[in-house]
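Chemist: Provided below for reference: sequence and predicted model.
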Amino acid sequence: MAFSDTLNTSKSASSLRSSARRKRSQAQFIRWLLLFAGGIAMIMPIIFMLSTSFKYPFEVYNLNLIPEEPTIENYTYVLEDGRFFGWFTNSLFIATITTICNVLFDSLVGYVLCKYTFPGRYIIFIAILSTLMIPTEMLVIPWYLMSSTFGWLDTYWGIMFPGLMTAFGTFLMKQFFETVPDDFLEAARIDGLNELQIWWTVAMPLVRPALAALAIFVFLGNWTAFIWPLIVTNSQEMYTLPVGLTTFSVEAQVEWELIMTGAAISTIPTLIVFLVFQRYIIRGVVMAGLKG
């Protein structure tokens with residue numbers, strides 16, 4: 001009788017484990033299905049953009065993803081247009097310089113606010129964060145008046161100066177510098193390093209994941225910026241790529257195939273930036289998980 005009870009108990013436990021495994025498998029299947037559906041929804045606009053870039057004008061409004069008569073004439077036209085290369089160069093120059101400035105200035109300010117104690121530190125930090133609540137549209141007029149007063153209209157500096165330093169970047173870097181042990185900094189001071197050397201050679205290498213994330217965000221933000229470059233530039237020679245692509249949209253018709261071609265080419269630098277910095281971000285996530 002005891003053996004029979006033990007056998008029944010074992011079968012019941014095995015049945016419960018099997019049921020739990022089935023439920024976990026079903027839950028995992030649902031999660032993967034939702035992720036797959038989300039991935040399809042995110043990638044479809046890119047696929048449609050690439051598909052349209054290989055279509056003739058008469059086929060643009062045909063929603064087939066595979067063009068009936070594929071062509072590379074759109075790429076030939078766009079790449080042979082001297083204006084496109086100029087817009088591409090302008091965007092690349094502006095996004096690169098702005099990214100470098102953000103990485104340097106935001107990390108320096110974040111380091112000071114995190115590792116130094118001085119009167120008004122908290123007030124300064126709150127004042128910087130409060131600028132995040134101000135919509136960019138409200139700042140356009142002051143920026144334009146400043147640019148007009150100092151003669152910055154239709155110049156690289158006029159396009160770049162609003163984004164050379166950001167409150168978000170300062171906040172991000174300050175939070176990451178919190179994870180840097182003060183003992184490392186004290187040891188560097190004992191070794192005779194000055195404060196700038198400590199920031200550059202000790203603190204900065206320890207927050208590479210944050211620097212990589214900040215570089216990606218800033219580069220993408222400036223690469224795709226449209227409103228401010230449109231307002232501050234007057235000549236087509238100073239247009240950035242997003243602004244320049246609008247010239248393919250004229251009153252008579254919208255040349256979607258050329259717009260999509262230019263947009264497809266413009267994704268190349270963003271992909272390169274992400275591929276270069278993604279390993280630092282992944283490493284930072286792994287390290288954060290191990291510390292937790």
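Modeler: Everything's here; your move.
Chemist: Pull up the gap between the closest residue to residue 60 other than its chain neighbours and residue 214, please.
Modeler: In space, and not counting its chain neighbours, residue 60 is closest to residue 256: 4.9 Å by CB to CB, 6 or more residues apart in numbering. Any C-beta I mention is one placed from the backbone N, CA and C, and that applies to glycine too. Taking CB to CB, to the nearest Å as the measure, residue 256 falls 34 Å from residue 214.
Chemist: residue nearest the centroid of this structure?
Modeler: residue 217 (3.0 Å; CA atoms, centre = their mean).
Chemist: helices or strands next to the helix or strand harbouring that residue in the packing?
Modeler: Using DSSP states H and E, residue 217 sits within helix 208-223. When contacts are defined as 3 or more CB pairs under 8 Å, 6 or more residues apart in numbering; DSSP states H and E, helix 208-223 packs onto helix 82-115, helix 167-177, helix 256-291.
Chemist: Secondary structure class of residue 71, three-state.
Modeler: Secondary structure, DSSP: H, G, I helix; E, B strand; the rest coil: residue 71 is coil.
Chemist: backbone phi and psi for residue 254, please?
Modeler: As for residue 254, its main-chain torsions (degrees, to the nearest 10) stand at phi -110, psi 120.
Chemist: And for the closest residue to it other than its chain neighbours, the neighbour number?
Modeler: Of all residues not flanking residue 254 in the chain, residue 248 sits nearest, at 7.5 Å (CB to CB, 6+ apart). Neighbours of residue 248 under the rule other CB atoms under 10 Å: 20.
Chemist: go on, the one 5 residues further on?
Modeler: The local packing of residue 253 (other CB under 10 Å) involves 9 other residues.
Chemist: ok, now which ones touch the residue nearest to residue 258 when sequence neighbours are not counted?
Modeler: Excluding the flanking residues, the one nearest residue 258 by CB to CB, 6+ apart is residue 248, at 4.4 Å. Taking CB atoms under 8 Å, 6 or more residues apart in numbering, we find residue 248 in contact with 254-255, 258-259, 262.
Chemist: can you check residue 245 too?
Modeler: Applying CB under 8 Å, 6+ apart to residue 245 gives the contacts 87, 259, 262-263, 266.
Chemist: you'd agree it is in a helix?
Modeler: Yes: the assignment for residue 245 (three-state DSSP) places it in a helix.
Chemist: And it, what's its pLDDT?
Modeler: Per-residue confidence for residue 245 comes out at a pLDDT of 87.
Chemist: swap in residue 14?
Modeler: Here the pLDDT value assigned to residue 14 is 62.
Chemist: List buried members of the contacts of residue 248 by neighbour count.
Modeler: 255, 258-259, 262 (16 or more other CB atoms under 10 Å).
Chemist: want to throw these into a markdown table with pLDDT and distance to residue 280?
Modeler: Shown next, in a markdown table, are those (pLDDT from 0 to 100; distance: CB to CB, whole Å):
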| residue | pLDDT | distance to residue 280 |
| --- | --- | --- |
| 255 | 83 | 39 |
| 258 | 88 | 36 |
| 259 | 88 | 33 |
| 262 | 90 | 30 |
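Chemist: Just give me the closest of the residues you listed to residue 77.
Modeler: residue 258 (6.7 Å; CB to CB).
Chemist: what about the closest one, distance to residue 47?
Modeler: 18 Å.
Chemist: Same check on residue 30?
Modeler: Residue 30 is 25 Å from residue 47, by CB to CB.
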